[in-house]
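1. next one to model:
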Amino acid sequence: MVVKLKENTGKSLEEWISVMAETEGMKKMELVKWLRSAHGLKNSTAYLLMAIHFNGGELVYANVEKLLEEQYHKNGLRDLYESFNKQVLDLDSSIKIGVCKGYTSYLKDVQFMITVPKPKEIRVGLALGNKPFEGKLEKAKSLGANEKIGHQFVIQTEADINQVLLDLIKEAYMNNLKSL
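-> Numbers count the residues shown, from 1 in each chain. Here you go, the predicted model:
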């Protein structure tokens, strides 16, 4: 969307940043409404520009390290996340990882897993279809993910990143490759 900003709106990102600099004191949704009414922008474009404006003029998802720091700075689970990530990539190094504001997405053509940091744990959301819930495999809750992510496995320590979890990840990965 940012790549075609000038083509779609008549202004480059730098020009929009200058325009928004004049809106000091506006709240997020006030800025979105103003961009829509004063400049005729579509809601998605106005929202994107607002997010960039409130992110110091930087693309929101451009700095993965900053996003991870925001996700894990309060709960002290960054090392656990990194260990988990390494083991996931050891399963298949071509798995794509997308770090977002409040979660991390894992995909191979389609999303099959997410991680969501919580105060004392990391919830691993898995797309496992109708697989029964048993043991540490629970019904997903508070993940904010798509409807395919219906299961979760909670990790709190290194010991939770075990063969059971890795097998569930492989199953979610394989199931979603079959769904293509």
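
2. what helices and strands are in contact with the longest strand seen in the chain?
-> Identified as the longest strand of the chain according to DSSP state E is strand 110-118. Judged by 3 or more CB pairs under 8 Å, 6 or more residues apart in numbering; DSSP states H and E, strand 110-118 is in contact with helix 78-91, strand 104-108, strand 121-126, helix 163-178. (Glycine included, C-beta is placed from N, CA and C.)

3. quick check: residue 157 touching residue 77?
-> No: assessed by CB atoms under 8 Å, residue 157 is found out of contact with residue 77, at 9.7 Å.

4. and for the two, which residues touch both?
-> Common contacts of residue 157 and residue 77 (CB atoms under 8 Å, 6 or more residues apart in numbering): none found.

5. higher neighbour count, these two?
-> Looking at residue 157 and residue 77 with other CB atoms under 10 Å, you find the greater number of neighbours at residue 77, namely 22 against 9.

6. who's in contact with that one?
-> Residue 77 neighbours (CB under 8 Å, 6+ apart): 117, 121, 122.

7. can you list the domain ranges for the chain.
-> 5-53, 64-178 (automatic domain parsing).

8. and the average pLDDT for the first one is what?
-> For domain 5-53, mean pLDDT is 92.

9. coming back round to it: which single one of the contacts of residue 77 is nearest to residue 141?
-> Proximity to residue 141 was ranked across the contacts of residue 77 by CB to CB; first place goes to residue 121, at 12.0 Å.

10. what count of nearby residues applies to the closest one?
-> 16.

11. cool, thanks, signing off.
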